[in-house]
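J.: sequence first, then the predicted structure, then my questions.
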Amino acid sequence: METRKYEEFRPIFFPGSIAVLGVSADGLNAGGRFYTSLLESGFSGGVYAVNPRGGEIGGRPVYTSVCSIPYNVESVIIAVPATGILDVIEDCAGKGVKAAQIYTGGFSESETDEGRRLEKALVEKARQCGILIVGPNCMGVYSPAHKLPYGMTGFVGESGPVGFVSQSGGLGGMVIDIGITKGLKFSKVVSFGNGSMLDSVDYLEYLAEDPATKIIGAYIEDTRNGSRFLHAARRIARDKPMIVLRGGRTEAGTRSVASHTGSLAAPEAVWAALLRQTGVIGVNSLEEMVDTLMVFQHFDRSVGRRLAFISGLTGGGGGVGVSASDAFTGAGLALPVFQGETQRRLKELLPPVGTIIYNPLDIGGQAIPPEKLTECLRVVDEDEGIDFIVFHERTGFFGQPVYVRRSEGVNEILIKLKELRGKPLVVVSPGGTSEEERVAVERRLINARIPVFPTMERAAAAMGNVSSYWQKRLELHG
């Protein structure tokens with residue numbers, strides 16, 4: 001594996017020390033919140049506040065410039081007006097700074113000649129000084145293994161295999177926030193804003209080399225170098241799942257992209273061709289992005305197309321099975337009829353009235369003993385014509401205690417099945433009047449590495465994406 005980008009970007013994702021420029025005396029402005037966030041996160045390197053007025057904040061000195069800091073400074077976060085940015089870069093160069101994360105806006109995204117001129121001058125100056133620029137107009141980097149929080153949050157979660165590249169700072173934060181509730185663990189996240197020096201391809205190439213990153217997600221508004229992006233995407237999808245949510249798919253979206261990060265969105269046909277040629281997964285919403293990342297994290301091997309759908313134990317009925325058939329087959333998946341031996345064994349276990357045993361399997365709302373449910377699941381799990389199992393359960397059902405207790409028992413069985421058997425298991429748990437109970441169930445199952453979805457359509461989209469990736473990867477790369 002090449003390591004050029006991985007070594008080059010070390011000051012961005014693993015800086016030994018950070019100075020924050022633009023920290024106000026009360027610490028309440030953007031620079032102050034970045035500074036406090038680093039202190040709260042447990043970042044082990046040096047953290048220094050900079051403001052031309054000097055003084056103190058929280059009993060710690062505020063330096064008048066980067067060059068006046070009596071310690072090594074490897075990286076900076078810049079939150080000062082754009083008009084002073086070139087002088088700031090000069091100051092950083094004098095201190096030997098290697099990377100600058102620029103929160104400040106007012107560059108090409110402003111759609112003014114002055115903003116575009118200033119951004120061009122910024123890049124030229126930074127290149128002359130040997131400083132890598134993240135941004136401008138961005139929230140920057142999240143590197144949990146290095147205790148680098150995202151933006152001004154001060155939060156650092158558990159590190160893991162998911163890398164995410166985002167042209168939008170807000171959307172990057174939402175992916176982290178929502179993703180953590182779904183059990184996602186991140187290796188690196190970067191919001192790069194205008195991407196004046198380093199754009200999406202640079203960060204994707206970095207994540208391709210990063211041994212800690214096994215799955216890559218991206219929110220992208222433009223492809224400034226289409227051939228390079230195509231090459232990077234093809235290389236990544238050969239080795240790691242890559243999921244892309246594209247901004248600017250509509251005319252209105254294209255206008256928003258221009259004012260957001262100063263980019264020009266590529267035509268939809270170009271993106272469709274790129275997905276076909278590379279095996280990259282295209283998604284249509286933030287929810288689909290997080291859902292797909294979640295499935296890839298939990299199932300780190302190929303997932304087939306054939307599923308068994310089981311419902312009826314905690315509410316639902318035959319209509320749920322019909323809806324499931326429509327949702328999953330519409331996503332390119334299959335619900336094959338159970339093999340003869342599977343049907344025979346299920347007939348022995350389940351009563352003849354109110355059950356459907358062909359697939360979808362409707363248990364019929366019967367309060368069957370736990371040992372019988374366990375055996376039914378084991379029988380389906382052993383069917384060689386099935387690749388994964390989807391279990392539909394209503395957690396509370398109008399808050400009735402009997403359904404809450406039944407759901408708790410079912411989840412015990414599902415977790416044990418997951419621990420003992422090899423086939424992937426997915427749960428669909430719809431919302432309703434017992435939302436609090438549903439969320440508690442979701443967290444428990446996710447902690448057991450069982451993906452949970454609120455609707456069949458979301459489950460179908462995510463599982464269809466994962467199945468399609470492995471199939472496409474085999475076709476393109478063998």
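T.: Cool, got the structure.
J.: residue 153 is in contact with residue 37, isn't it?
T.: Yes - with contacts counted by Cβ atoms under 8 Å, residue 153 reaches residue 37, the gap being 6.1 Å. (Glycine included, C-beta is placed from N, CA and C.)
J.: please say which of the two ends up with more neighbours.
T.: A count of neighbours by other Cβ atoms under 10 Å puts residue 37 above the other of residue 153 and residue 37, at 22 against 16.
J.: check contacts around that one.
T.: Taking Cβ atoms under 8 Å, 6 or more residues apart in numbering as the criterion, residue 37 is in contact with 149, 151, 152, 153, 154.
J.: of the residues you listed, closest to residue 105?
T.: residue 151 (13.9 Å; Cβ to Cβ).
J.: pull the CA atoms of stretch 359-373 into CSV?
T.: Extracted as CSV, the C-alpha positions of stretch 359-373 are listed here (Å, rounded to 0.1, in the frame of the first residue of the first chain):
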residue,chain,number,x,y,z
ASN,A,359,-41.1,-16.7,3.3
PRO,A,360,-42.0,-14.2,4.6
LEU,A,361,-42.6,-16.2,7.7
ASP,A,362,-45.6,-15.0,9.7
ILE,A,363,-45.6,-16.6,13.2
GLY,A,364,-49.1,-15.5,13.6
GLY,A,365,-49.0,-13.5,16.8
GLN,A,366,-48.8,-16.7,18.9
ALA,A,367,-47.3,-16.5,22.3
ILE,A,368,-45.1,-19.5,21.6
PRO,A,369,-42.6,-20.5,24.2
PRO,A,370,-39.0,-19.1,23.9
GLU,A,371,-37.6,-22.5,23.2
LYS,A,372,-39.9,-22.9,20.2
LEU,A,373,-39.1,-19.4,18.8
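J.: for the record, mean pLDDT for that stretch?
T.: Averaged across stretch 359-373, the pLDDT comes to 78.
J.: cool, and stretch 28-37?
T.: Averaged over stretch 28-37, pLDDT sits at 97.
J.: and that stretch, how far out from the chain middle?
T.: From the chain centre to the centre of stretch 28-37 is a distance of 25 Å (Cα atoms, centre = their mean, to the nearest Å).
J.: likewise for stretch 55-68?
T.: 36 Å.
J.: residues contacting it, please?
T.: So stretch 55-68 is contacted by 19, 21, 23, 25, 27, 32, 35, 39, 48-54, 69, 73, 76, 88, 91-92, 94-95, 97 (Cβ under 8 Å, 6+ apart).
J.: one more time with 7 Å
T.: With Cβ atoms under 7 Å, 6 or more residues apart in numbering as the test, stretch 55-68 has contacts from 19, 23, 25, 27, 48-52, 54, 69, 73, 76, 91-92, 94-95, 97.
J.: now that stretch: mean pLDDT?
T.: 97.
J.: now the terminal residues of that stretch, how far apart.
T.: 13 Å (Cα to Cα, to the nearest Å).
J.: just to revisit the earlier point, show the buried residues in the contacts of stretch 55-68.
T.: Among the contacts of stretch 55-68, those classed as buried by 16 or more other Cβ atoms under 10 Å are 19, 23, 27, 48-51, 69, 73, 76, 91-92, 95, 97.
J.: what are the ranges of the strands in the stretch 351-478 of the chain?
T.: For the stretch 351-478 of the chain, the strands defined by DSSP state E, counting those that start in this stretch occupy 361-362, 388-392, 425-428, 452-453.
J.: out of these, which is the most enclosed?
T.: Of all the strands of the stretch 351-478 of the chain, strand 361-362 has the most neighbours on average by mean count of other Cβ atoms under 10 Å, namely a mean of 26.
J.: pretty sure residue 323 is touching residue 459, no?
T.: No - here residue 323 lies out of contact with residue 459, judged by Cβ atoms under 7 Å, at a distance of 11.5 Å.
J.: with neighbour numbers in mind, choose between those two.
T.: In this view residue 323 and residue 459 are compared by other Cβ under 10 Å, and residue 459 has more residues nearby, 28 against 18.
J.: next one, pLDDT for that one please.
T.: 98.
J.: now do the same contact list for the nearest residue to it once chain neighbours are set aside.
T.: Nearest non-adjacent residue to residue 459, counting by Cβ to Cβ, 6 or more residues apart in numbering: residue 453, 3.9 Å away. Contacts here follow Cβ under 7 Å, 6+ apart; on that basis residue 453 touches 291, 428, 459, 462.
J.: rewinding a little: just the contacts of residue 37 now: which is nearest residue 214?
T.: Distances from residue 214 to these, taken by Cβ to Cβ, are shortest for residue 149, at 22.3 Å.
J.: show the end-to-end separation of stretch 161-174, please.
T.: Across stretch 161-174, the terminal residues are separated by 18 Å (Cα to Cα).
J.: quick one: low-confidence parts of the stretch 1-150 of the chain?
T.: Counting by pLDDT under 70, the stretch 1-150 of the chain contains low-confidence residues at 1-3.
J.: just the strands in it please.
T.: Assigned by DSSP E, counting those that start in this stretch, the strands in the stretch 1-150 of the chain fall at 17-21, 46-50, 56-57, 60-63, 75-78, 99-102, 132-134, 140-142.
J.: in its sheet, what does the fifth one sit against?
T.: Sheet neighbours of strand 75-78, with direction, are listed as strand 17-21 (parallel), strand 99-102 (parallel) (DSSP bridges).
J.: ranking those strands by burial, who's on top?
T.: Scoring those by mean count of other Cβ under 10 Å, the most buried comes out as strand 99-102, with a mean of 28.
J.: using PDB, list the CA coordinates for that one.
T.: Presented in PDB, the C-alpha positions along strand 99-102 are these (Å, rounded to 0.1, in the frame of the first residue of the first chain):
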ATOM      1  CA  ALA A  99      -1.100  22.500   8.700                       C
ATOM      2  CA  ALA A 100      -3.800  25.200   9.000                       C
ATOM      3  CA  GLN A 101      -7.500  24.500   9.500                       C
ATOM      4  CA  ILE A 102      -9.300  27.600   8.400                       C
END
